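Novice: How does the following fold in three dimensions:
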Amino acid sequence: MPTITQIHLHQVNLPPKTTRSDAIQSFVTQETPIVRIVCDDGSEGIGYSYTIGTGGSSVMALLKDHLGPRLIGKSPVEIESIWRDLFFHTHATAVGAITSLALAAIDTALWDWRARQSSLPLWRLLGGAKPNIPVYTTEGGWLQLPTETLVEQTVAAQEAGFKGAKVKVGKPHLSEDVARLTAIREAVGAAFELMVDANQAFHLSEALRRADALAPIGLAWLEEPLPADDIAGHTRLNSHSRIPIAVGESLYSPGQFADYVRHDACSIIQVDVARVGGITPWLKVAHMAECHNIAVCPHFLMELHVSLCCAVPNATWLEYIPQLEDLTTSAIAIEQGHALPPEDAGLGIRWDWTAIEARSVAHFVIK
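Specialist: Numbers count the residues shown, from 1 in each chain. Here you go, the predicted model:
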């Protein structure tokens, strides 16, 4: 049985190609921790996670000083055992974003290794539930954009074959959000799906008002309307709103998702493989949602989530927002508004190591 002998850590910072602002923040820099595990038989696996501008050095320090060294001498076959060992080793800092992002970088590398060793693409290894997944775009719709630009971008997305588009909400007065979305709806028609994202900007009272005001527009979901720790507020809103309530990008463990499901506090789960701690916990959340007949529409990370969406039966949308173009030589294939999972063994991401090494702001080797 192979054992892990080396861990290579890189951090690459990627500025967004377009300005991305929402109701509470701007996406400044994608800090990308990359983990490459190497075994004594020469086999390897590569994983990664991300931040939107802060915390990357902390993730790297956790990987370098605490998590990476614990992998040396272990068998990459035992993914569940490794995940639990690392989780409990960092018990004093879990559950939280920094720990989850570090765990995810390792866990995705281990699953990449397993799928490569099985000579299977990840989505087939994990179940192969469907051959494609509908795509909506978030590369547009940002809060700082004028209505005219939003309409132009959304019409262009529709003409490009996307099945839906996400628009940020949270303007100072609800009438502004209503006007922007009404203009878009009139331009694209009733059959094109529109999703909206508030990025946790509202108090419960305002979320109730905006859900009522936006309902006639026919939205696919209202995303993160309240702070992620306000389960009671989400429960009340979910029971009141005619728009499905979506949560998940700011939840960091299967237990937090279980609380939402237990309290009937959402209708759509947007579990993020990086923020929940890797593929291992992502699958648990997705299958828990399946058992409760709840759809999974994961947040961000389209290059990895395309495989996970096609692995489980209850994934209904993939979010299109390019993330790794500057670091890879592969791209997601999209046909008639549906993304196709890669057929390469492993995660199906073809990394450009020349670009990674040239752009690394940090690089460590653990032996």
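Novice: residues in contact with residue 245?
Specialist: For residue 245, the contact set (CB atoms under 8 Å, 6 or more residues apart in numbering) comprises 221-222, 225, 234, 237-238, 265-268. Glycine gets a C-beta too; all of them are placed from N, C-alpha and C.
Novice: ok, what's across the strand from residue 196?
Specialist: Residue 196 has these beta-bridge partners by DSSP bridges: residue 167, residue 222.
Novice: That one: neighbour count?
Specialist: The local packing of residue 196 (other CB atoms under 10 Å) involves 26 other residues.
Novice: for the longest helix seen in the chain, packing partners?
Specialist: In the chain, with assignment by DSSP state H, the single longest helix is helix 97-117. In terms of contacts (3 or more CB pairs under 8 Å, 6 or more residues apart in numbering; DSSP states H and E), helix 97-117 is packed against strand 30-39, strand 44-48, helix 56-62, helix 79-89, helix 122-125, helix 279-291.
Novice: Mean neighbour count, mean pLDDT and distance to residue 350 added to these, as JSON lines?
Specialist: Putting those into JSON lines (neighbours: other CB atoms under 10 Å; pLDDT from 0 to 100; distance: least, CB to CB, whole Å) gives the following:
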{"stretch": "strand 30-39", "mean neighbour count": "24", "mean pLDDT": "97", "distance to residue 350": "13"}
{"stretch": "strand 44-48", "mean neighbour count": "23", "mean pLDDT": "98", "distance to residue 350": "10"}
{"stretch": "helix 56-62", "mean neighbour count": "21", "mean pLDDT": "97", "distance to residue 350": "23"}
{"stretch": "helix 79-89", "mean neighbour count": "16", "mean pLDDT": "97", "distance to residue 350": "23"}
{"stretch": "helix 122-125", "mean neighbour count": "23", "mean pLDDT": "98", "distance to residue 350": "14"}
{"stretch": "helix 279-291", "mean neighbour count": "21", "mean pLDDT": "98", "distance to residue 350": "19"}
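Novice: what's the distance between residue 153 and residue 198?
Specialist: To residue 198, residue 153 is 19 Å away according to CB to CB, to the nearest Å.
Novice: the more surrounded of these two?
Specialist: residue 198 (23 against 19).
Novice: give me the number of residues near the residue nearest to that one when sequence neighbours are not counted?
Specialist: Leaving aside its chain neighbours, residue 198 sits nearest to residue 225 (4.7 Å; criterion: CB to CB, 6 or more residues apart in numbering). By the criterion of other CB under 10 Å, residue 225 has 32 neighbours.
Novice: likewise residue 159?
Specialist: 9.
Novice: Same question for the one 3 residues further on.
Specialist: By other CB under 10 Å, the residues close to residue 162 number 21.
Novice: quick one: secondary structure of it?
Specialist: coil (DSSP: H, G, I helix; E, B strand; the rest coil).
Novice: Among the contacts of residue 245, which lie within helices?
Specialist: 234, 237-238.
Novice: Residue 208: what secondary structure?
Specialist: helix.
Novice: wouldn't it be in contact with residue 237 here?
Specialist: Yes. Counting by CB atoms under 8 Å, residue 208 touches residue 237, with 6.4 Å between them.
Novice: about what we covered before: and the angle for the longest helix of the chain with helix 279-291?
Specialist: 90 degrees (axes from the mean of the first three to the mean of the last three CA atoms, to 10 degrees).
Novice: and the angle for helix 97-117 with strand 44-48?
Specialist: 150 degrees.
Novice: Using CSV, lay out the contacts of residue 245 together with distance to residue 291 and pLDDT.
Specialist: CSV is the format used below for these (distance: CB to CB, whole Å; pLDDT from 0 to 100):
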residue, distance to residue 291, pLDDT
221, 21, 98
222, 24, 98
225, 25, 98
234, 20, 98
237, 23, 98
238, 18, 98
265, 16, 98
266, 15, 98
267, 15, 98
268, 15, 98
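Novice: Export the residues you listed to CSV and append columns for distance to residue 319.
Specialist: Putting those into CSV (distance: CB to CB, whole Å) gives the following:
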residue, distance to residue 319
221, 12
222, 15
225, 18
234, 20
237, 22
238, 21
265, 21
266, 17
267, 17
268, 12
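Novice: Most neighbours among these, which one?
Specialist: Result: residue 225 is most packed of those (other CB under 10 Å), 32 neighbours.
Novice: Now do the contacts for that one.
Specialist: 198, 200-202, 207, 210-211, 234, 237, 245.
Novice: mind running it again at 7 Å?
Specialist: 198, 202, 207, 237, 245 (CB atoms under 7 Å, 6 or more residues apart in numbering).
Novice: Which of those sits closest to residue 339?
Specialist: residue 245 (24.6 Å; CB to CB).
Novice: Excluding chain neighbours, give the residue nearest to that closest one in space.
Specialist: residue 238 (4.5 Å).
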